[in-house]
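1. structure, please.
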Amino acid sequence: MDAGRSSQLGSMKNRMSVERKSERELVVTRTINAPLRIVFEAWTKAELFQRWWVPKSLGLTLLSCELDVRAGGAYRLMFRHPAAPEPMAFQGRYLEVTPPSCLAWTNEEAGGNGQVTTVTLEERAGQTLLVAHDLYPSKEALDKDIGSGSTSWNDESFDQLDELLGSATDME
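-> Alright, predicted model coming up:
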C-alpha cells in the first residue's frame, strides 16, 4: 500500500487511511458500518471471516480457514491463485484476544516479514472504528512490504466486510 495514498483515502467516507507512524509501524484506520459486537464476530468466526477477508479482485480462492481465536491459539489460511503452481499458506498465532475490542496476532508465513498485527475496535454511534497496527521487525521489512504492495490491508476487504455485516440484522 502506498502510504502517500492515505490522504486521498482518508478524505472519502469510510475509506481506509494508511499512515506510516515510525520506521517499523504501519497504522490503518477504517470505520465499519456495523456495531462493535458483530464486527468482532466477523474477525473471530471462520464462517464469517472467510466471506469478507479475501479481496475478490485479487483472483484468490480461500481453500481453508482455521481460526482458534484465543491467546496462544493459531490461525491458518490456505489460498490458491491461478498463477501460482501450489497453494499458499498464511499462518500465525494469537497473542491477545480481548472480546470485543482487541485482537493481536503474529504473521509467520514463509517468506513473510514477521510483523505483529494488533486490531482494536471501538463502537461509535452504531459503527465501529477499526485501528490496525502492524509492527515490523525492521525498517527494511516494512519498506519491502510497502514497496511490493503486500501489506495485509486492502480497502476492498473492508468494503466486503461492510457489505456482509450490512446484510445481516443479527449475527449470532
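
2. all strands for the chain, in order.
-> Assigned strands in the chain, in chain order: 17-20, 25-32, 61-67, 74-80, 88-98, 102-106, 116-124, 127-135 (criterion: DSSP state E).

3. which strands or helices does the fifth one pack on?
-> With contacts taken as 3 or more C-beta pairs under 8 Å, 6 or more residues apart in numbering; DSSP states H and E, strand 88-98 sits against strand 74-80, strand 102-106. From N, CA and C alone the C-beta is placed, and that goes for glycine too.

4. strand partners of that strand, parallel vs antiparallel please.
-> Within its sheet, strand 88-98 is paired with strand 74-80 (antiparallel), strand 102-106 (antiparallel), according to DSSP bridges.

5. nearest to Ile38 among the ones you listed would be which one?
-> strand 102-106 (14.6 Å; C-beta to C-beta).

6. how far away is Gly147 from Glu163?
-> Taking C-beta to C-beta, to the nearest Å as the criterion, Gly147 is separated from Glu163 by 30 Å.

7. more neighbours: those two, which one.
-> More neighbours sit around Glu163 than around the other of Gly147 and Glu163, counting by other C-beta atoms under 10 Å; the figures are 12 against 9.

8. would you put the C-alpha positions of stretch 52-70 in CSV?
-> Output in CSV follows, covering the C-alpha atoms of stretch 52-70 (Å, rounded to 0.1, in the frame of the first residue of the first chain):
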residue,chain,number,x,y,z
TRP,A,52,-15.0,-11.0,3.6
TRP,A,53,-11.2,-11.2,4.1
VAL,A,54,-10.0,-12.0,0.6
PRO,A,55,-10.4,-9.1,-1.9
LYS,A,56,-12.4,-10.5,-4.9
SER,A,57,-10.3,-8.5,-7.4
LEU,A,58,-7.1,-10.4,-6.5
GLY,A,59,-8.4,-13.7,-8.0
LEU,A,60,-7.5,-15.7,-4.9
THR,A,61,-9.6,-18.6,-3.7
LEU,A,62,-9.6,-19.2,0.0
LEU,A,63,-9.3,-23.0,0.3
SER,A,64,-9.4,-23.3,4.0
CYS,A,65,-9.8,-21.0,7.0
GLU,A,66,-8.9,-22.3,10.5
LEU,A,67,-9.2,-19.8,13.4
ASP,A,68,-8.5,-20.9,17.0
VAL,A,69,-9.2,-17.4,18.4
ARG,A,70,-7.7,-17.4,21.9
